[in-house]
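Asker: Model the structure of this input:
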Amino acid sequence: QICLPFVMPTVLKDLKYADSHEWVKVNGNSATVGITDHAQDHLGDVVYVELPEVGATVTQGDSFGAVESVKATSDINSPVSGKVVEVNEELHSAPALVNSSPYENGWIIKVEMSDNGELNNLMDSEKYSKFCEEEDCKH
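Answerer: Numbers count the residues shown, from 1 in each chain. Below you'll find the model as predicted:
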């Protein structure tokens, strides 16, 4: 099998990852969610982020918003279930933060988790890195 040269995306160790390329940073019962470096790289320049309302309910694996780039529009799926307690309002005026700072300033929502056990369905950084490498090989 021939693969294109794989450029390792930035993957942070203390996060959990979904196979749809979202990350979650857990602090007690609170989870911050965004899209990964790998996802923003594949999307290209982000021009718009569709955010849910504060108070909305999200379900693990289901879409809660979208990221629109110059190339495509992609759904954002929630890696956890719970209630949206905060959205990143800065993305309205500066959607490119998702590209320049996917793990820091480009976070998308904060969720009060309803089931911490769901975190066991997610990948750690090592598994996610391998997943990205294998996925890029298939294209």
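Asker: okay, CA-based contacts and neighbour counts for the rest of this
Answerer: OK.
Asker: Look at stretch 73-89 and report the distance between its end residues.
Answerer: Distance across stretch 73-89, first residue to last, is 19 Å (C-alpha to C-alpha, to the nearest Å).
Asker: List the buried residues in that stretch.
Answerer: 76-88 (16 or more other C-alpha atoms under 10 Å).
Asker: Give me the subset of the residues you listed lying in helices.
Answerer: Of the buried residues of stretch 73-89, none are assigned to helices by DSSP state H.
Asker: okay if I get the residues you listed as CSV plus pLDDT and distance to E68?
Answerer: Below are these laid out as CSV (pLDDT from 0 to 100; distance: C-alpha to C-alpha, whole Å):
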residue, pLDDT, distance to E68
I76, 97, 10
N77, 98, 14
S78, 98, 17
P79, 98, 19
V80, 98, 22
S81, 98, 23
G82, 98, 24
K83, 98, 24
V84, 98, 21
V85, 98, 23
E86, 98, 20
V87, 98, 17
N88, 98, 16
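Asker: Tell me where this protein has helices.
Answerer: 37-43, 90-93, 97-100, 125-138.
Asker: which residues are contacting stretch 41-59?
Answerer: When contacts are defined by C-alpha atoms under 8 Å, 6 or more residues apart in numbering, stretch 41-59 is touched by residues 40, 64-72, 74, 78-87, 91-92, 95-96, 98-99, 108-109.
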